[in-house]
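[1] Okay, here's the prediction I keep looking at, along with the sequence it came from:
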Amino acid sequence: MSHEDKKFVYPGIATTSDGAGCVVWVETHITHGACAYPITSSTTMGTGYQTEYSNGKKNLWGDMLVFVQPESEHSAASTCEGFALAGGRVTNFTSGQGLVLMKEVLYTISGKRLPVVFHIGARALTSHSLNVHAGHDDVMSVADCGWGILFGRNAQEAGDLALIARRAAENCETPFMNVQDGFLTTHTIENVRVPELQFMQDYVGDPNAKLRCLFDTRFPLMSGVVQNQDSYMKGKIAQRNYYDKVPAAVVEAMDEFFDNTGRRYQLVDGYRMEDAEYAVVGMGGMMETAEAAADYMRDEMGLKVGVVHVTCFAPFPAVQLVQALKGVKAVTVVERMDNPLAQSNPLVQGIKAAFADALTGLGYGSYSENKYPAIERIPKIYACAAGLGSRDIRGGHFIAIVENMRAAQPKEFSVVGVKHALALTDGADPDLRPEGAFSMRGHSVGGFGSVTTNKLIASFVGELFNLHVQAYPKYGSEKKGLPTTYYLTVANAHIRTHSELNYVEFIPLNDVNAFNLGNPLDGIAYEGSVFIQSDRLDPMDVWSAIPAYGQKIIRNKRLRVYYLDTVKIARDVATDPDLLQRMQGVVLVGIFIKVTPFAERSGMSQIDILASVEKYVRKYFGKRGEKVVEENLRCVKLGLTEVQEIPAHVIGIAAPLVEEFAVAR
Amino acid sequence: MSDLTAVSSARQNTRLITSDVLDVEDFNNRIVGAYNDGSAELELPADHCTARSLVTAGSGILRDFSYIAPEIPILNSENCVGCMDCVIECPDTAILGKVVPKAQLEAELAKIEDPADRELYAKQFAKTTKYWNTYEKKGAEPGYFGIFIDPTKCKGCAECVDACGNHGALAMLKKDDSSLKEFQKTFNFYRRLPETPKSFINEKLLSDMMLADRSLLYVGGAGSCMGCGEGTAIRMMLAATGFVYGKDNIGIVNSTGCSTVYASTYPYNPYLVPWTNSLFENGPADAMGVRARWDQMGWKGKKLWVIGGDGAMLDIGFQSLSRMLASGMDIKVLILDTQVYSNTGGQSSTASFKGQNTKFSVHGTVVPGKTERRKEIAQIAMMHPNTFVAQTSCAMSNHFYKSIIAANEFDGPAVISVYTTCQPEHGVGDNMAMSQSKLAVDTRSFPVLIYDPRKGNKLAERLSLQGNPAPKEDWYRDPKTGEVFDFVMFARSEGRFAKQFNKDGMPTDMLLSAKQDRLENWRLLQELAGLI
């Protein structure tokens, strides 16, 4: 994906959003309606759409949006079918079990050639246990339903591909799934450029003029008939006439999108593949982490590593994959799922089959109309399972994956991130964030308002200071009252790593118990900052409450330690009983302004910044009324003005030991 | 939508469909033609037509069943009173009625050159009290009432003869080539006649509705069993809806089941209204999508019906049905309750009666048929907010029609559950659909009811058991013979309960407990209706 604003008419509107927000932006402008049923992690998309419906929003052609919530995903898909049959442009948002439950309907939708677009927050399927986090086995289990499938890597791509999918779908009369990783993309706030209204209007066109109504009382037809030996197979085979047009429709939609926006999408997106000897192939957000790791391996390890992202899984880009990978010595295909009884996991299978055809001189497509490049050998194609159920995938894992390909006896099938006989040994795990990146890892408790606060900080830092941000919490399945971790990275460039933060500059400890739940200061940078929630007023008391191992790290790394009783602030300010707990989180916004370097670097006064923060407080709390906005703002202000620092002499780092100093560095 | 926009949007949609999706003329000629001449399977290619497999409205009219039955009904017009029962009860739209003003018919007949033909056609008409005498008496031009049999649609079930009953105007005749030709000629003559004038259709007389073309929205040509009770229910629902709202204001979503298999097997479509099937369990959900889009298009007044069997609505699609009823959407549901999975060959459903011998509840040496009590969808539907519910029988055409008309008028969801005879699975004769469904009502096996939320604040005000014989009694007793119409009597009349009687014809304990089940169900209804 490249970006050159000047050349293009519609570069997008800069803002911050998570992947779900980008999809909602697109779909509430271009569709007639959505029929959806809640399932984590797609619910934020449904919620966003339904909220617009409740507010009486009209699409770009003046139709009032429709929202229907049936009683299951099976019914939600069925309702979409009826809506689309009657000529409506419709969408749905689902994940995991929901997608599998609606599988039966996916076939009837594609069979009727209804060009709907469903958005998937890809999620691991419940098998030995339930997991609400990212996995691709849900999508792969419905990959045979005759739908196009596009994968995005970040919030920007999730929104862009929503539009691309719609145009392609309607042009080839084939439904599409637009997939993003559940939570890791759906819930991660990043800087994005959302498509302009005029562009969306032109690019996908007026559905009222474009879409057929096949349930028209003025032109009555029968659809969904019964067929026997005389005709069923004819229909099934004749459907190829539609499917043969799908690849060109996707390419056309991607090209047209690029011409207008400058954002380039391709069926297969290669990164530094020109001279690559080793390649990593995969789908979804982890492949951006892989790009950052490839840069590191090239720059620091002298390894010619390239990365291939499969943006379009269906139609399968067989020729493009052979073209991209034919020159490498070995390739490892990393998938967020595991199906041990198959020949290989699905993407591996597709790539192996494509190479087999290429080597034996066969073509690709119904009429073998697409020719593979001539090849004389097939690279070794290794398989790796990673990130199942949002198991953290780190840059170091990709290094291990490439090292495995270079080993004398590589593991042909491997896993990363867990201890198992098939696991690759974790080696170095370098900091792959953009240079000068600043990260915050907060340790809080569910219900303290920290997750929303983190989003708020990301929004204003990203938009107000024009910096790149990436913010997300580590979601668990449990509810209020349990420890929760949230992450924010701020940098001057797009943050490609989608991993939990092990290198951080600032650690707020909203949870007074954090020091008793493992080391909360792990990975903190030299001269980094810590904020401690404390009800003590004397810095000596605050300091002495920190356990010895924590004090040692603070001294060794010369950390600056701030403290404040945010609980008391929330209790003093909040007038709604349900906000007494929640409002302590937002105090961190003021603290963040005070203790991080961004305010100073921006050259803005703290008063100006406070004034600007109001917009973002409104974005997140405006729906709860003016009083709540005012109270949150007061909390932010108190955070800025009241936060205290434990003086260096209390910590005792005035004269640090030289040896300790060296170790810390 | 303004009228002008509506016209242009209709044209635009027609263009979008005809441009590359479906050429109506080509489909009816080439595709249906190939099926009719037997060449379809081998000769028709796998092309754009089969890819979408859309079917034109009413292509079933092009289907010819004249070869399948040995017999066909013949009219003795002297005995015909114009009651329309035969027209109403025919499941295949194979027998139709028409009133033609005196002068017009005489003029038409005069045009017929062959006197034998003229005689043949004239014989189909009767001077009935209903359309002749009463009109003559009030000084209006009287009308001839004619009954016509379409030999291409008649499957020879003789349900019409049964419906005619003591009038004796219909009898079955053995077919031969020459009689078939005469039937066809006569029916062609009927086709050429103008529609029954409005003046002969009494808007208040529901039995007259099928005289109007707008009521005849199911043209036959469906592959249902001869005498199928479901076909009649569908035709009657469409008649009552089409008569009031017109053909252009109706759509049907059909849950998979017998009713989709016999009515949508490619390329024959008996429907003149838009029709779709998605799956077995999602008819109501599919309809919610259509309704939402129709409403968005400004089509709020159009009637949307969901059709499905007891399997689709009580079992696999129950959740979808319940959700739809709770939505308040203007969607009507017609449940064709055969008390069995008819389509898959007669497996028990939750609507099967206790003691019923049916697949998956086979009456064996240890298990005496179905042991569970029947689930009552009407009662369950009634407990949904603001839902119109009726349980009815095609044999009681007035009750049936009233239920449909009231459901359509009701601004919200409605469930009409109909007892439909399934001859092969019930073990009854092909001409017995109506008599058995009437007996089911009379024996409390399947009581009729209408639950109209508009009728009052109390349950008893909203629920009516009118139509059931002796509604305050446990069982109906024939006043002349003293015979008790109980569930044992009903069971005795159907093959599916044959094993519940011993050598001496005495009911088993299981059947007696089934009888108790029906009594308890009836007493519950009586209690809800405030009758006991």
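    Looks like it arrived, so ask away.
[2] For chain B, what is the nearest residue in the stretch 551-665 of chain A?
    residue A:623 (25.4 Å; C-beta to the nearest C-beta). Using the backbone N, CA and C atoms, a C-beta is placed for each residue, glycine as well.
[3] what separates that residue from residue A:629, distance-wise?
    If you measure residue A:623 against residue A:629 using C-beta to C-beta, to the nearest Å, the figure is 10 Å.
[4] Repeat that for residue A:186.
    Separation of residue A:186 from residue A:629 (C-beta to C-beta) stands at 26 Å.
[5] Name the helix or strand for residue A:297, please.
    When elements are defined using DSSP states H and E, residue A:297 is found to belong to helix A:286-301.
[6] Can you list the neighbours in contact with that helix?
    Applying C-beta atoms under 8 Å, 6 or more residues apart in numbering or on different chains, the contact partners of helix A:286-301 are A:153-154, A:181, A:271-272, A:280, A:282, A:303-309, A:334, A:336, A:386-387, A:393-396, A:398-399, A:402, A:430, A:432-433, A:496-499.
[7] CA atoms only: put that helix into CSV for me.
    What follows is helix A:286-301 as a C-alpha-only set of coordinates in CSV (Å, rounded to 0.1, in the frame of the first residue of the first chain):
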residue,chain,number,x,y,z
MET,A,286,0.3,-10.6,11.8
MET,A,287,1.7,-10.1,8.3
GLU,A,288,2.4,-6.5,9.1
THR,A,289,4.4,-7.7,12.1
ALA,A,290,6.2,-10.0,9.7
GLU,A,291,7.1,-7.0,7.5
ALA,A,292,8.7,-5.2,10.4
ALA,A,293,10.5,-8.5,11.3
ALA,A,294,11.7,-8.9,7.6
ASP,A,295,13.2,-5.4,7.7
TYR,A,296,15.0,-6.3,10.9
MET,A,297,16.3,-9.6,9.5
ARG,A,298,17.6,-7.9,6.4
ASP,A,299,19.1,-4.9,8.2
GLU,A,300,20.5,-6.6,11.3
MET,A,301,21.0,-10.3,10.3
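[8] what distance separates whichever helix or strand comes after that helix from the centre of its chain?
    Moving toward the C-terminus from helix A:286-301, the next helix or strand (DSSP H and E) is strand A:305-310. Distance of strand A:305-310 from the chain centroid (C-alpha atoms, centre = their mean, to the nearest Å) equals 18 Å.
[9] Please apply the same query to stretch B:101-116.
    Relative to the chain's own centre, stretch B:101-116 is displaced by 34 Å; criterion: C-alpha atoms, centre = their mean.
[10] Rounded mean pLDDT for it, please.
    Rounded to a whole number, the mean pLDDT of stretch B:101-116 is 97.
[11] Buried residues, that stretch. List them.
    For stretch B:101-116, a neighbour-count test (16 or more other C-beta atoms under 10 Å in any protein chain shown) marks B:101, B:102, B:105, B:108, B:109 as buried.
[12] Stretch B:316-332 now?
    Within stretch B:316-332, the residues scored as buried using 16+ other C-beta under 10 Å are B:316-325, B:327, B:329-332.
[13] so where is chain A shaky, pLDDT-wise?
    Across chain A, residues meeting the criterion (pLDDT under 70) sit at A:1-6, A:477-479, A:654-665.
[14] again, 80 this time
    Applying pLDDT under 80 to chain A picks out residues A:1-6, A:475-481, A:653-665.
[15] same thing with the stretch 201-350 of chain B?
    Across the stretch 201-350 of chain B, nothing is flagged by pLDDT under 80.
[16] quick one: the strands in it?
    Assigned by DSSP state E, counting those that start in this stretch, the stretch 201-350 of chain B shows strands spanning B:250-254, B:275-276, B:303-309, B:332-337.
[17] after the third one, next one along is what?
    Proceeding C-terminally, strand B:303-309 gives way to helix B:310 as the next helix or strand, assigned by DSSP H and E.
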